[in-house]
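>>> Fold the following for me, if possible:
(4 chains)
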There are 2 protein chains.
Amino acid sequence: MPYTPEHKEQSRTKILKAASLLFASRGFDNVTIDEIMAAAGMTRGAFYAHFKTKAALYAESITSTAVNNSRARSFLDGGGSIEKLHHLVKSYLSRDHIDGPSEPCPLSFLVTDIVNREPQGRRAYTHVYQQLVAHVAEHIPCDRKKEREQRAYGISALLIGGVALGRAVGDDKTVDVLLASCLKTV
Amino acid sequence: MPYTPEHKEQSRTKILKAASLLFASRGFDNVTIDEIMAAAGMTRGAFYAHFKTKAALYAESITSTAVNNSRARSFLDGGGSIEKLHHLVKSYLSRDHIDGPSEPCPLSFLVTDIVNREPQGRRAYTHVYQQLVAHVAEHIPCDRKKEREQRAYGISALLIGGVALGRAVGDDKTVDVLLASCLKTV
DNA sequence: GTCTATAGAAAGATAGAC
DNA sequence: GTCTATCTTTCTATAGAC
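Predicted coordinates:
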């Protein structure tokens, strides 16, 4: 009897994991439920036992990626030093991140894709973004709260813009210069 | 006899204009040829007398927007002063730009959308981006060419990231703070 | 819970009339 | 060149068997 609650939870997790990767790299419209389910080791029919619609899965995949992301985790472990921030920035603005599939951040990979999605997706994205800004702000060494926040917004826009552009631009040399410049700018 | 070469050129321009606006605000997949042609005052069938495929129109719309964009034009008129650059940055990182439909810049509006498109679209995007960076670099007051270029890449990532995020994030207050912070960061 | 089969809708591209 | 009509494919979501 493979249909225990644990088994269901496991299937659900598999679907979420496959969906996060596929949505991030190809966006909402260019991924089919068929593909996601195949990547999760099941077929289309099983999908609807776990999620109501494709849009619902998309929204949840954004939230779950943010939570299970190892980059974010290592950023948060162990308090707010400036070194942690440097480490995050370097790992974020890396070829490894851009080329995937090593835990792509939905904030940069889906920044345009999210605009036309249902409210549930928008809300998930907005929430994850606000968390990122808040956590970056905590790691900035500055007494004035206003200024920390301001810099955190700037840094986040540079990170997300840099990575999104790195994926968009088709010329490898340009991308390398872009990444190096963003790193230096931060 | 309405079918003169001039008339054809006029129809083509109308299609391009409608497409640029629709693609920028909703991306490639969420816009139909029907919609574009309706916005241009024609029906679907006429489309294929002007463009070979939807993807070809998409690519050309990116190039043509960059050329006909009034923001870009006013940026280039009259030489490379730092004031021109400030003006561009302020106009780019504005609510007016984000909320459209006042000449949205495809570099920020399509930064994620472009990733999965055909090579022709990618090439058009890459070319427009490299032009932006080059022009920004020209307006930066600094003797060393390398440093001008580096700053231009950083500024462009901040502009494009800021605007893309401004559209992605669903909370108006957050967007206002974000824009102000990006402006100050530049 | 997962499977196969299918209903139903949408949209890109083509054909032929005017 | 532009129109209407249609072919064809693709994909979401549902139905019913196991």
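
>>> Output the contacting helices and strands for the lengthiest helix in chain A.
Using DSSP state H, we find that the single longest helix of chain A is helix A:145-168. Counting contacts by 3 or more CB pairs under 8 Å, 6 or more residues apart in numbering or on different chains; DSSP states H and E, helix A:145-168 packs against helix A:82-92, helix A:95-99, helix A:106-109, helix A:119-139, helix A:172-185, helix B:119-138, helix B:145-168, helix B:172-185. Bear in mind the C-beta positions are built from the backbone N, C-alpha and C, glycine included.

>>> Which positions in the last one come out as buried?
Right, helix B:172-185. Using 16 or more other CB atoms under 10 Å in any protein chain shown as the test for burial, helix B:172-185 gives B:Thr174, B:Val175, B:Leu178, B:Leu179, B:Ser181, B:Cys182, B:Leu183, B:Thr185.

>>> Make JSON lines from these and add pLDDT and distance to DNA strand C to it.
As requested, the buried residues of helix B:172-185 are exported to JSON lines (pLDDT from 0 to 100; distance: CB to the nearest atom of the strand, whole Å):
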{"residue": "B:Thr174", "pLDDT": "97", "distance to DNA strand C": "31"}
{"residue": "B:Val175", "pLDDT": "98", "distance to DNA strand C": "28"}
{"residue": "B:Leu178", "pLDDT": "98", "distance to DNA strand C": "31"}
{"residue": "B:Leu179", "pLDDT": "97", "distance to DNA strand C": "32"}
{"residue": "B:Ser181", "pLDDT": "97", "distance to DNA strand C": "37"}
{"residue": "B:Cys182", "pLDDT": "96", "distance to DNA strand C": "34"}
{"residue": "B:Leu183", "pLDDT": "97", "distance to DNA strand C": "37"}
{"residue": "B:Thr185", "pLDDT": "93", "distance to DNA strand C": "38"}
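
>>> how far is the helix-or-strand element of chain A with minimal mean pLDDT from where the chain is centred?
Ranking every helix and strand in chain A by mean pLDDT, DSSP states H and E puts helix A:70-76 at the bottom, with a mean of 92. Per CA atoms, centre = their mean, to the nearest Å, the displacement of helix A:70-76 from the mean C-alpha position of its chain is 12 Å.

>>> contacts for it?
Residues outside helix A:70-76 that contact it (CB atoms under 8 Å, 6 or more residues apart in numbering or on different chains): A:Ala66, A:Lys84, A:Leu85, A:His87, A:Leu88, A:Ser91, A:Tyr92, A:His97, A:Glu103, A:Cys105, A:His135, A:His139.

>>> And the nearest residue to the fifth one once chain neighbours are set aside, how far from DNA strand C?
Pointing back at A:Leu88 there. The shortest distance from A:Leu88 to any residue that is not its chain neighbour, by CB to CB, 6 or more residues apart in numbering or on different chains, is 4.6 Å, and that residue is A:Phe75. As judged by CB to the nearest atom of the strand, to the nearest Å, A:Phe75 and DNA strand C stand 33 Å apart.
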